[in-house]
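Colleague: Make a model of this:
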Amino acid sequence: MKRTLLCLLFLCGPALAKENTLIMPGKSVGPITPRSTRADLVKAFGAANVKNATIYLSEGETVPGTVVFDKDPKRRLEITWTKKKLVGDVKIVGSSSLWHTAEGITLGTTLAELQRLNGKPFKFSGFDWDYGGLIQGWQGGKLETSLKGVWPSLNPGPKDNTSEISGDREFSSDDVLKKNFHITVCQLRMELNR
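Modeller: Model (predicted):
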């Protein structure tokens, strides 16, 4: 009986953290808040799921950081730290994830769905460079307020020929949607501390 109870207690902590996958811009990513330390991550997710790692920023720049759930792409988080050893940024990258905003925005959310949620067209940078697909502005739409402190990046589908929407230029979601590309969210970066 004791062994069963201990197993349940051991599994319960990470399971509870798994259930809280809501991104609240500027406030929290699941149980992670602006006051979270590495010890808090270990407490929330279990020591085996919190590892030191090198985090890629852009243009070849990396920083020491932490990865949570490094072997589980749907739960994986990349974390950078402030000088005070508090969570700085939290990033999710890939094609799908359990982490999501209240509106349901997550990895794999389509360009069309983003525009629908925003209530109007928005701007993003062209593909095929380090800042490719980064949302440049919501143009006064609903997501300008609700996603404050969250920077989504987009990625074309594997069969999309994006040569006409590539490079260091801005594009309107409305214009690109007319071309029938399969563009989705491939990254969400949340700023909790700067």
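
Colleague: Show me how the record splits the protein into domains.
Modeller: 2-93, 101-186 (automatic domain parsing).

Colleague: can you put the ones you listed in a markdown table and add distance to residue 194?
Modeller: Glycine gets a C-beta too; all of them are placed from N, C-alpha and C. Compiled in a markdown table, these are given as follows (distance: least, C-beta to C-beta, whole Å):
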| stretch | distance to residue 194 |
| --- | --- |
| domain 2-93 | 7 |
| domain 101-186 | 9 |
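
Colleague: Quick one, which of those domains gets closest to residue 193.
Modeller: domain 2-93 (4.8 Å; C-beta to C-beta).

Colleague: what distance separates the closest one from the middle of the whole chain?
Modeller: 12 Å (C-alpha atoms, centre = their mean, to the nearest Å).

Colleague: follow-up on the earlier one: got the domains of the chain as TSV, with mean pLDDT and mean neighbour count columns?
Modeller: Converted to TSV, the domains of the chain look like this (pLDDT from 0 to 100; neighbours: other C-beta atoms under 10 Å):
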stretch	mean pLDDT	mean neighbour count
domain 2-93	85	15
domain 101-186	95	17
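
Colleague: With respect to residue 192, which of these lies nearest?
Modeller: Using C-beta to C-beta and comparing those, the one that lies nearest residue 192 is domain 2-93, at 4.5 Å.

Colleague: Walking through the chain, point out its strands one by one.
Modeller: Under the criterion DSSP state E, the chain contains strands at 22-24, 28-29, 50-58, 61-68, 77-81, 87-93, 100-101, 123-125, 135-137, 150-155, 170-172, 184-191.

Colleague: helices or strands up against the last one?
Modeller: Yep, that's strand 184-191 we're talking about. strand 87-93, strand 150-155 (3 or more C-beta pairs under 8 Å, 6 or more residues apart in numbering; DSSP states H and E).

Colleague: Let me know the angle separating the first one from strand 184-191.
Modeller: Counting by axes from the mean of the first three to the mean of the last three C-alpha atoms, to 10 degrees, strand 87-93 points 170 degrees away from the direction of strand 184-191.

Colleague: helices or strands up against strand 87-93?
Modeller: Strand 87-93 packs on strand 77-81, strand 184-191, going by 3+ C-beta pairs under 8 Å, 6+ apart.
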